[in-house]
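Visitor: Based on what follows, work out the 3D shape:
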Amino acid sequence: TPFMNAEAASVSKAESLVATAEQHAGALKWQISYELTKEIKQPDMKVFNLTKNAYLDAQKELAKISVKDKAKLEKRLEENVGIHYSRSTGYIDALTSGSKIVDKTTQYNKLFAENPTSDATEKSYHELSSEIRKQAILLYRVYGKSTRDAILTKYKTPAEKALNSTK
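Guide: Got it, this is the predicted structure:
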């Protein structure tokens, strides 16, 4: 029975870790929701890191157990934590790629204002166009239509307008 006691302790520890991860993921879920925040901003990275660490710890603990509860706990972990962790990662990636587009747009607008026909302006035009195509993939991966639309409006639309108005 010592084996049974160790297994039961491991299961209860796994359940505890899953519950902790679910709490952190619940907080993170609302930080990446445009419906709640009404703004596009970086989520609290402390909450993100707590979620990530709790998720990874729970996965490690689940790998150690070998009972019938394992499948149920793994499913609960993925549905309640893993999905929000991966969505928040996509959201953070979109913010990072959006800032790259903003930087290129600012640079292009500055060069165009100085000398619209220079080689540097033309090069910047093509760099911005390329950056939009390259980074748009990450922008479209954001979960939630309203959040995705807000990100596109904040980052992609101004860059496209800058290009189209100066063609």
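
Visitor: got a pLDDT number for residue 124?
Guide: Each residue has a pLDDT score; the one for residue 124 is 95.

Visitor: centre of the chain versus whichever helix in the chain runs longest, how much separation?
Guide: Taking DSSP state H as the criterion, the chain has its longest helix at helix 83-114. Offset of helix 83-114 from its chain centre (C-alpha atoms, centre = their mean, to the nearest Å): 13 Å.

Visitor: elements contacting the very next helix or strand once past that helix?
Guide: Remark: after helix 83-114, the chain's next helix or strand is helix 119-139, criterion DSSP states H and E. Packing partners of helix 119-139 (3 or more C-beta pairs under 8 Å, 6 or more residues apart in numbering; DSSP states H and E): helix 83-114, helix 157-165. C-betas here are computed from N, CA, C, even on glycine.

Visitor: Excluding sequence neighbours, find me the nearest residue to residue 21.
Guide: Closest residue to residue 21 apart from its sequence neighbours, by C-beta to C-beta, 6 or more residues apart in numbering: residue 54 at 3.7 Å.

Visitor: ok so, going back, quick one, which of the helices and strands packed on helix 119-139 is packed in tightest?
Guide: helix 83-114 (a mean of 18; mean count of other C-beta atoms under 10 Å).

Visitor: Can you name every helix or strand that that one contacts?
Guide: Helix 83-114 sits against helix 2-31, helix 45-64, helix 119-139, helix 145-151, helix 157-165, with contacts defined as 3+ C-beta pairs under 8 Å, 6+ apart.

Visitor: ok, now with 6 Å
Guide: helix 2-31, helix 45-64, helix 119-139, helix 157-165 (3 or more C-beta pairs under 6 Å, 6 or more residues apart in numbering; DSSP states H and E).

Visitor: how deep is residue 149 tucked in, by neighbour count?
Guide: 13 (other C-beta atoms under 10 Å).

Visitor: same check, this time on the one 3 residues further on
Guide: Residues near residue 152, counting by other C-beta under 10 Å, number 17.

Visitor: what about the nearest residue to it once chain neighbours are set aside, distance to residue 128?
Guide: Using C-beta to C-beta, 6+ apart and skipping residues adjacent in sequence, the residue nearest residue 152 is residue 139, 5.8 Å away. Distance, residue 139 to residue 128, by C-beta to C-beta, to the nearest Å: 15 Å.

Visitor: residues contacting the residue nearest to residue 21?
Guide: 20-21, 24 (C-beta atoms under 6 Å, 6 or more residues apart in numbering).

Visitor: Compute the inter-axis angle for the element among helices and strands of the chain having the smallest mean pLDDT and helix 45-64.
Guide: When each helix and strand of the chain is scored by mean pLDDT, DSSP states H and E, helix 2-31 comes last, with a mean of 79. Here the directions of helix 2-31 and helix 45-64 differ by 150 degrees (axes from the mean of the first three to the mean of the last three C-alpha atoms, to 10 degrees).
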